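>>> fold the following.
(2 chains)
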There are 2 protein chains.
Amino acid sequence: MIITEPTIRKFTQNIFLAIGCGQEHAQLAADVLLKSDLRGIDSHGVARLSGYVRLWEKGRINPTPNIRVVHETPTTATVDGDAGLGLVVAPFAMQVALQKAELYGSGWVSVRNSNHFGIAGYHALMAVEKDMIGFAMTNASPLVAPTFSNERLLGTNPMCYAFPAGNYPPVIVDMATSAAANGKLEIAQRSGKQVPEGWIQDAEGNFTTDPHALKSGGSLLPLGSDRDHGSHKGFGLSATVDILSAVLSGANYGPWVPPFVAFMDPAKDPVGEGIGHFVGAMRVDGFRPVDEFKHHLDNWIERFKSATTVDPSQNVIIPGEPELEAEIDRMQNGIPLVDAVVNDLNELAVRFGVQQLK
Amino acid sequence: MIITEPTIRKFTQNIFLAIGCGQEHAQLAADVLLKSDLRGIDSHGVARLSGYVRLWEKGRINPTPNIRVVHETPTTATVDGDAGLGLVVAPFAMQVALQKAELYGSGWVSVRNSNHFGIAGYHALMAVEKDMIGFAMTNASPLVAPTFSNERLLGTNPMCYAFPAGNYPPVIVDMATSAAANGKLEIAQRSGKQVPEGWIQDAEGNFTTDPHALKSGGSLLPLGSDRDHGSHKGFGLSATVDILSAVLSGANYGPWVPPFVAFMDPAKDPVGEGIGHFVGAMRVDGFRPVDEFKHHLDNWIERFKSATTVDPSQNVIIPGEPELEAEIDRMQNGIPLVDAVVNDLNELAVRFGVQQLK
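Next comes the predicted model:
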């Protein structure tokens, strides 16, 4: 089913209002979720709306959080999200980072006591709109085993770096630090297809192509897949995200990160509060004039876009380019939702007395 | 041959003095190179000393650079390395970052007009010694093809993140953003062994296990190896390093980065000056008290070290741990150098009238 952007936006806002969010937070949370659907990252958008609602039912999401800075210097801060939606906590944290960057050149905020924040790219792009370089990362429920291990100790822990260009769209590197994002695994699960070797291992630590292996004790693999191909690097990146997001802020880290699915309880022995994020911004003109930077980034983009390729019909893809193409298309033509998601959303509609999607 | 640390340190200093470096720069440059040998990263240590000398011969390294800040805000700066050794330019830049972090919580420095800076970990560790989190990255001569391309457009572009722990050594993620570091390829070339599929491709873009494929138009692959296994992520990370190090500072980027080997000339149409680095530091106590952070990082380390593993005799390796073990061993027992490196160094000794290694 194809739903227009304003329809699904209004719907999503209404659900957030129904669970008790204020108007401003409901609008912002819907904006973050929608951005994911618009950019073609279907796993992180409204497909997760009922998941957030279930966490709220369990009392694990506070719809009226008192989000606040609990520690700071001129360019660093720790934010306590008061168990709010990561969808509103992370933009708050990024606003703090932007204000600091405005005054001092850069700003860096570690966040505790939050929940899942949608796509990292949303938050990093807030900096790009101000001609700054944006950084955003978050830890997440443990699904990934470190190199040599068969224990799920890390989330897919995404990191995002975003840079403003001139005549081209911003360069946005927004990536899970696992070999494959969990969303890709979910797509294979739904379609009944096998996945490539190197994405997951079974409970004994053998490569498997069964997308359901996680249900029987398997785990996702870090970027690099195995030691020979640099999985210790994917592990290192994931560790970096975990430490900056949680060890630095006072959130839960590693296997203690609370699961996104409400049917699994958080650890009984938490090492912090909620999940953690890390966001930051640096003014481009803190290093060189903005027009010079953009001129050279345009040149960088042009050189890479015109690179010789193995298959002449497949150009080099600049990070962020496919997502922007999806956004332009879906703003105009609507957002395709699979039936399972529409049904899920319409169950929410019935329950909260909101108009159903059709 | 095993050479004691003081012997090879003195030797290296003498060579840097012989090409005209001042006493302080010669000591520092030797310290950076030695750190690599001590930490077991043999490819980036004294094995490269003759490479630096050949660049100096070509007039591409200035032994008496006027390294200076050319643009700044309270927490950001651009440093011009005046074509000096990266081995002294990057520590200068990190000192600037540390001073800014001391005053404002964080400090970030992009560097242009530099040369290769040794191991990223050296520079990031300067922050860790002050209970700060350290960042260091650099671009490098083009050897890596972006996803879909068979053109060498990026260096192995390493990034390093370093965190101070309490009872444990610091966590140091120091990694090339390619599937395999060039040093590993060089080892395979010397030993005549094949390399795993997924490290390199031939000129046509096919995986090859021939470690000499780069000489016939092949290229290194980004971390992830191919599109299915996330090579677009390795490409994105490498792009991030290139943009922060060079597009931001005014250094050369992408295929314009001057080659480290002196027999290849720099591009005739440079887009900037020299090669670029990016370093940064954040005070841990800008986010939470240092003892709290270290206590939780120790707990993080203990949890990961005690993880269940596929092979019970192989524990999870904490990033930075093997390098520290090598350092302790080599400080005590000396540094093993292969004959080719010893001969190379002794040729320098003869030429500059320095005492030979034996």
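>>> contacts, neighbours, all on C-alpha from now
Fine.
>>> hang on, isn't residue A:126 packed against residue A:94?
Yes - the criterion here is C-alpha atoms under 8 Å, and residue A:126 meets it with residue A:94 at 7.4 Å.
>>> between those two, who's got more neighbours?
Between residue A:126 and residue A:94, counting by other C-alpha atoms under 10 Å in any protein chain shown, residue A:94 is the more crowded of the two (27 against 20).
>>> just the pLDDT for the more buried one.
Note on residue A:94: pLDDT of 98.
>>> once you drop chain neighbours, what's closest to it?
residue A:279 (6.0 Å; C-alpha to C-alpha, 6 or more residues apart in numbering or on different chains).
>>> okay, now residue A:143: neighbour count?
Residue A:143, neighbours per other C-alpha under 10 Å, totals 25.
>>> swap that for residue A:196, please
15.
>>> surely it meets residue A:207?
No - counting by C-alpha under 8 Å, residue A:196 stays clear of residue A:207, with 9.4 Å between them.
>>> any common contacting residues for these two?
Here residue A:196 and residue A:207 share no contacting residue, scored by C-alpha atoms under 8 Å, 6 or more residues apart in numbering or on different chains.
>>> residue A:21: how many residues sit nearby?
21.
>>> part of a strand, is residue A:251?
No - using DSSP: H, G, I helix; E, B strand; the rest coil, the secondary structure at residue A:251 is coil, not a strand.
>>> now do the helices in the stretch 201-350 of chain A.
A:231-242, A:290-305, A:321-333, A:339-352 (DSSP state H, counting those that start in this stretch).
>>> how is chain A partitioned into domains?
In terms of domains, chain A is parsed into A:1-64+A:334-358, A:65-286, A:290-323 (source: automatic domain parsing).
>>> which one of the ones you listed lies closest to residue B:312?
Of all the domains of chain A, domain A:65-286 sits nearest to residue B:312, with 9.3 Å by C-alpha to C-alpha.
>>> and the residue nearest the centre of chain A?
Taking C-alpha atoms, centre = their mean, the centroid of chain A lies closest to residue A:119, which sits 2.9 Å from it.
>>> relative to chain B, how far out is that one?
16 Å (C-alpha to the nearest C-alpha, to the nearest Å).
>>> buried set for the helix or strand of chain A with the lowest mean pLDDT?
The least trusted helix or strand in chain A, going by mean pLDDT, DSSP states H and E, turns out to be helix A:182-191, with a mean of 85. For helix A:182-191, the neighbour count (16 or more other C-alpha atoms under 10 Å in any protein chain shown) marks A:182, A:185, A:189 as buried.
>>> and the contacts of that helix?
Residues outside helix A:182-191 that contact it (C-alpha under 8 Å, 6+ apart) are A:42, A:43, A:44, A:156, A:194, A:195, A:211, A:212.
>>> and if you look at stretch A:192-211?
Stretch A:192-211 has contacts (C-alpha under 8 Å, 6+ apart) with A:149-150, A:179-180, A:185-186, A:188-189, A:213-214, A:216-221, A:225-226, B:228-229, B:310.
>>> which ones are touching the residue of the stretch 251-358 of chain A found nearest chain B?
Using C-alpha to the nearest C-alpha, residue A:309 is the residue of the stretch 251-358 of chain A that sits closest to chain B, at 3.9 Å. Contacts for residue A:309 (C-alpha under 8 Å, 6+ apart) come out as A:315, A:316, B:148, B:149, B:150, B:151.
>>> determine which two of these are furthest apart.
Maximum distance among these (C-alpha to C-alpha): 11.8 Å, for A:315 and B:151.
>>> the more surrounded of these two?
residue B:151 (25 against 17).
>>> can you verify my assumption that that one contacts residue A:307?
Yes - using C-alpha under 8 Å, residue B:151 is in contact with residue A:307, at 6.6 Å.
>>> who in the stretch 251-358 of chain A is up against chain B?
For the stretch 251-358 of chain A, the residues in contact with chain B (C-alpha under 8 Å from any C-alpha of the partner chain) are A:253-254, A:271, A:282, A:284, A:286-288, A:293, A:296-297, A:300, A:304, A:307-311, A:314-317, A:319.
>>> number of nearby residues for the closest residue to chain B within the stretch 101-250 of chain A?
Per C-alpha to the nearest C-alpha, residue A:149 is where the stretch 101-250 of chain A lies closest to chain B, at 3.9 Å. Residue A:149 has 27 neighbours, counted by other C-alpha under 10 Å.
>>> pretty sure it is touching residue B:312, no?
No - look at residue A:149 against residue B:312 with C-alpha under 8 Å: they stay out of range, at 9.3 Å.
>>> neighbours of residue A:321, just the number please.
Residue A:321: 17 neighbours (other C-alpha under 10 Å).
>>> no wait, residue A:70
Around residue A:70 sit 13 other residues, with neighbours defined as other C-alpha under 10 Å.
>>> run a quick check on it versus residue A:81, I expect a contact.
No - using C-alpha under 8 Å, residue A:70 makes no contact with residue A:81, being 10.0 Å away.
>>> returning to what we had before: adding mean pLDDT, write the helices of the stretch 201-350 of chain A out as TSV.
Below are these laid out as TSV (pLDDT from 0 to 100):
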stretch	mean pLDDT
helix A:231-242	98
helix A:290-305	98
helix A:321-333	97
helix A:339-352	95
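>>> of all the ones you listed, which one is nearest residue A:131?
Nearest of those (C-alpha to C-alpha): helix A:290-305, 7.2 Å.
>>> hmm, who's touching that closest one?
If you take C-alpha under 8 Å, 6+ apart as the criterion, helix A:290-305 is touched by A:131, A:164-168, A:284, A:315-318, B:153, B:243, B:247-248, B:253-254, B:271.
>>> what inclination does it have with respect to helix B:231-242?
When axes from the mean of the first three to the mean of the last three C-alpha atoms, to 10 degrees is applied, the directions of helix A:290-305 and helix B:231-242 differ by 150 degrees.
>>> export helix A:290-305 as PDB, just CAs?
Output of helix A:290-305 as PDB, limited to C-alpha atoms (Å, rounded to 0.1, in the frame of the first residue of the first chain):
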ATOM      1  CA  VAL A 290      32.600  27.400   4.100                       C
ATOM      2  CA  ASP A 291      32.700  28.200   0.400                       C
ATOM      3  CA  GLU A 292      36.200  26.800   0.000                       C
ATOM      4  CA  PHE A 293      35.200  23.600   1.800                       C
ATOM      5  CA  LYS A 294      32.100  23.200  -0.300                       C
ATOM      6  CA  HIS A 295      34.000  23.800  -3.500                       C
ATOM      7  CA  HIS A 296      36.500  21.100  -2.700                       C
ATOM      8  CA  LEU A 297      33.800  18.700  -1.400                       C
ATOM      9  CA  ASP A 298      32.000  19.200  -4.700                       C
ATOM     10  CA  ASN A 299      35.300  18.400  -6.500                       C
ATOM     11  CA  TRP A 300      35.700  15.300  -4.300                       C
ATOM     12  CA  ILE A 301      32.200  14.100  -5.200                       C
ATOM     13  CA  GLU A 302      32.700  14.700  -8.900                       C
ATOM     14  CA  ARG A 303      35.900  12.800  -9.000                       C
ATOM     15  CA  PHE A 304      34.400   9.800  -7.200                       C
ATOM     16  CA  LYS A 305      31.200   9.900  -9.200                       C
END
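>>> would you tell me which one of the helices of the stretch 201-350 of chain A is buried the most?
Of the helices of the stretch 201-350 of chain A, the one with the most neighbours on average (mean count of other C-alpha atoms under 10 Å in any protein chain shown) is helix A:231-242, at a mean of 28.
>>> burial measure for residue A:311, as a count.
So residue A:311, with other C-alpha under 10 Å, has 12 neighbours.
>>> how about residue A:24?
Neighbours of residue A:24 (other C-alpha under 10 Å): 12.
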